[in-house]
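Colleague: Fold the stuff below for me.
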Amino acid sequence: MLWDMDGTLVDSEKLWDVSLAALYDRLGGVITDELRTALVGSSAENTIKTIFADLGLEPDPAAMAEADRWLHDHTGDLFATHGLPWCDGARELLEALAGEGVPMALVTNTQRALTEQALDSIGRHFFSVTVCGDEVPNGKPEPDPYRRAAALLDLDPGHCLAVEDSVTGTLAAELAGCPVLVVPNDVVVPPSPRRRHVDSLRDVAVDDLRAFHAEIAAASGKRSA
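Modeller: Down below sits the predicted model:
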């Protein structure tokens with residue numbers, strides 16, 4: 001199992017909303033709903049590039065690096081102050097999978113330092129490996145994070161089920177060769193043959209995950225693990 005973090009396991013996207021609005025204010029602008037939607041699941045590098053382009057700011061590397069540091073420090077403060085609420089059913093499903101000895105990886109575009117802070121709340125013991133956006137050549141929507149996670153688990157990506165909430169993350173998992181269970185949070189994710197959608201993880205059991213994987217594998221002509 002390969003798990004996205006923000007918006008999938010924990011409902012942290014709303015805290016990112018606050019941080020991004022604050023960064024825009026700091027840089028002299030106001031973020032639009034359309035741009036915020038486009039940035040859901042985005043890598044840190046792409047987020048800062050997009051913001052600077054949207055505001056018409058000179059893409060100065062030092063200024064962009066400072067904006068990136070400020071955004072992540074501010075988000076970290078929000079994590080510490082407000083905590084990270086679980087998405088419905090996520091913790092229970094992690095516990096059920098762990099109880100059956102299913103190997104799991106956390107695969108996130110969030111940078112390592114902030115991910116470590118989040119893992120203090122989520123529980124790092126659930127995951128055999130964690131892959132962060134600043135540890136691969138390209139973050140989501142490129143497939144690098146999911147390919148690395150599968151390799152670290154010594155599994156073929158096609159034998160893993162990825163769980164995602166965003167268009168960006170779902171595309172990354174698919175490009176890596178993973179079937180995907182989509183649990184939309186703030187953004188509508190369109191259907192495709194290698195995706196299954198559920199409204200929440202609240203009523204999803206381990207056997208359901210196996211069935212989703214088998215259905216997608218059969219539909220795409222690949223053997224299920």
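Colleague: only C-alpha atoms for contact and neighbour calcs from this point on.
Modeller: OK.
Colleague: how about stretch 15-24: buried residues?
Modeller: By 16 or more other C-alpha atoms under 10 Å, the buried positions in stretch 15-24 come out as 15, 16, 17, 19, 20, 21, 22, 23, 24.
Colleague: Of all pairs in the residues you listed, which one spans the longest distance?
Modeller: 15 and 24 (14.4 Å; C-alpha to C-alpha).
Colleague: Mind listing residues that contact the helix or strand hosting residue 75?
Modeller: Element membership for residue 75, per DSSP states H and E: helix 61-82. Contact with helix 61-82 is made by 15-16, 19-20, 23, 44-45, 48-49, 52, 114, 117-118, as judged by C-alpha atoms under 8 Å, 6 or more residues apart in numbering.
Colleague: Go ahead and measure how far that helix is from the middle of the chain.
Modeller: 18 Å (C-alpha atoms, centre = their mean, to the nearest Å).
Colleague: packing partners for the next helix or strand after it?
Modeller: Remark: after helix 61-82, the chain's next helix or strand is helix 90-99, criterion DSSP H and E. Here helix 90-99 touches helix 206-219, going by 3 or more C-alpha pairs under 8 Å, 6 or more residues apart in numbering; DSSP states H and E.
Colleague: Could you list the buried residues of the helix it packs on?
Modeller: Neighbour-count burial for helix 206-219 [16+ other C-alpha under 10 Å]: 209, 212, 213, 214, 215, 216, 217.
Colleague: now these in TSV, with pLDDT and distance to residue 110?
Modeller: Below are the buried residues of helix 206-219 laid out as TSV (pLDDT from 0 to 100; distance: C-alpha to C-alpha, whole Å):
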residue	pLDDT	distance to residue 110
209	97	25
212	96	27
213	95	26
214	95	30
215	93	30
216	92	28
217	86	29
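Colleague: Make a markdown table from those residues and add distance to residue 7 to it.
Modeller: Listed next are the buried residues of helix 206-219 as a markdown table, based on distance: C-alpha to C-alpha, whole Å:
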| residue | distance to residue 7 |
| --- | --- |
| 209 | 19 |
| 212 | 20 |
| 213 | 21 |
| 214 | 25 |
| 215 | 25 |
| 216 | 23 |
| 217 | 25 |
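Colleague: ok, so of the residues you listed, who is nearest residue 192?
Modeller: residue 216 (10.0 Å).
Colleague: Test my guess that the closest one contacts residue 197.
Modeller: No: with contact defined as C-alpha atoms under 8 Å, residue 216 does not count as touching residue 197 (11.5 Å).
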